[in-house]
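> compute the structure for the input listed below.
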Amino acid sequence: MRKVKCPRCKKIVAWSDNNPFKPFCSARCRLLDLGAWASGKHRIPGDTPLQLDEEKKETTEH
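Okay, here's the model as predicted:
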């Protein structure tokens, strides 16, 4: 069976269909990670949709 590290706590967990929290080791780690995304601690680099909308508006006004 394949083993992976939990992205949150780095604990080794089995990668299987029997793990309802995969890739995390537990519901706690899954929720902590979700909270980090929701609070902005984790984010994908790049322009936000609001910035993209403003750029479109500026280019169509000129």
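> center of the chain - which residue?
In the chain, the residue lying closest to the centroid (Cα atoms, centre = their mean) is residue 37, at 5.6 Å.
> just to be sure, that one is in a helix?
Yes - assessed by DSSP: H, G, I helix; E, B strand; the rest coil, residue 37 belongs to a helix.
> quick one: it from residue 24, how far?
13 Å (Cβ to Cβ, to the nearest Å). For the C-beta atoms, the positions are set from N, CA and C on the backbone; glycine is no exception.
> list the buried ones in stretch 13-30?
Under the neighbour-count criterion of 16 or more other Cβ atoms under 10 Å, stretch 13-30 has 13, 24, 25, 26, 29, 30 buried.
> does the second one touch residue 34 like I think?
Right, residue 24. No - applying Cβ atoms under 8 Å, one finds residue 24 not in contact with residue 34, separated by 9.8 Å.
> where along the protein do the strands fall?
For the chain, applying DSSP state E gives strands covering 3-5, 12-14.
> turn those strands into JSON lines, columns for mean pLDDT and distance to residue 44.
Shown next, in JSON lines, are the strands of the chain (pLDDT from 0 to 100; distance: least, Cβ to Cβ, whole Å):
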{"stretch": "strand 3-5", "mean pLDDT": "95", "distance to residue 44": "21"}
{"stretch": "strand 12-14", "mean pLDDT": "94", "distance to residue 44": "25"}
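> ok, now which ones touch the closest residue to residue 5 other than its chain neighbours?
Leaving aside its chain neighbours, residue 5 sits nearest to residue 12 (6.1 Å; criterion: Cβ to Cβ, 6 or more residues apart in numbering). Residues counted as contacts of residue 12 (Cβ atoms under 8 Å, 6 or more residues apart in numbering) are 3, 4, 5, 6.
> which of the residues you listed are buried?
Among the contacts of residue 12, those classed as buried by 16+ other Cβ under 10 Å are residue 6.
> closest to residue 43 out of the contacts of residue 12?
Relative to residue 43, the closest of the contacts of residue 12 is residue 6; by Cβ to Cβ it sits at 20.4 Å.
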